[in-house]
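J.: okay, predicted coordinates and the sequence, questions at the end:
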Amino acid sequence: MDKAVKFEAELRQVKSMTDKSFNLILNIPEYEIDQARALMGMLLDHVAVAIVIVSDSNNKDKPTKRVSKRGSI
């Protein structure tokens, strides 16, 4: 049976582990309690994950396009 859980969260941290895996830390808002509960029920299950940026708050001061060292794109 396929289960899907959809919610918005803040990606707080990506940590590399000694076993060569990565752990993600998500800050799930309090109003998403039902989705958090569903995730807790999936602990130790293998899941598929798709992450889509809904607001780019960390990149407010970064340029919108890349510029090479020569000054051209």
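T.: Yes, it's here. Numbers count the residues shown, from 1 in each chain.

J.: any chance you could map the helices in this protein?
T.: Residue ranges of the helices in the chain, as given by DSSP state H, are 33-40.

J.: any low-confidence regions in it?
T.: The model of the chain has pLDDT under 70 over residues 1-2, 58-73.

J.: what distance do you get for Val49 to Ile33?
T.: In this view, Val49 and Ile33 are 20 Å apart by C-beta to C-beta, to the nearest Å. Every residue, glycine included, has its C-beta placed from N, CA and C.

J.: what's across from the residue positioned nearest the centre of the chain in the sheet?
T.: Central residue of the chain (C-alpha atoms, centre = their mean): Leu11, 4.5 Å from the mean position. Counting by DSSP bridges, Leu11 forms beta bridges with Leu26.

J.: the protein: strands as residue ranges?
T.: In the chain, the strands defined using DSSP state E lie at 10-16, 22-27.

J.: returning to that earlier point: for Val49 and Ile33, indicate the residue with more neighbours.
T.: Set Val49 next to Ile33 and count neighbours by other C-beta atoms under 10 Å: Ile33 wins out with 11 against 5.

J.: next up, the contacts around Gln13.
T.: Gln13 makes contact with 23-25 under the criterion C-beta atoms under 8 Å, 6 or more residues apart in numbering.

J.: let's see it at 6 Å
T.: Ile25 (C-beta atoms under 6 Å, 6 or more residues apart in numbering).

J.: and for Gln35?
T.: With contacts defined as C-beta under 6 Å, 6+ apart, Gln35 is in contact with 5, 7.

J.: repeat that for 8 Å
T.: Gln35 neighbours (C-beta under 8 Å, 6+ apart): 5-7, 28.

J.: ditto for Ser16
T.: Going by C-beta under 8 Å, 6+ apart, Ser16 touches Phe22.

J.: bridging residues for it?
T.: Per DSSP bridges, residues listed as beta-bridge partners of Ser16: Phe22.
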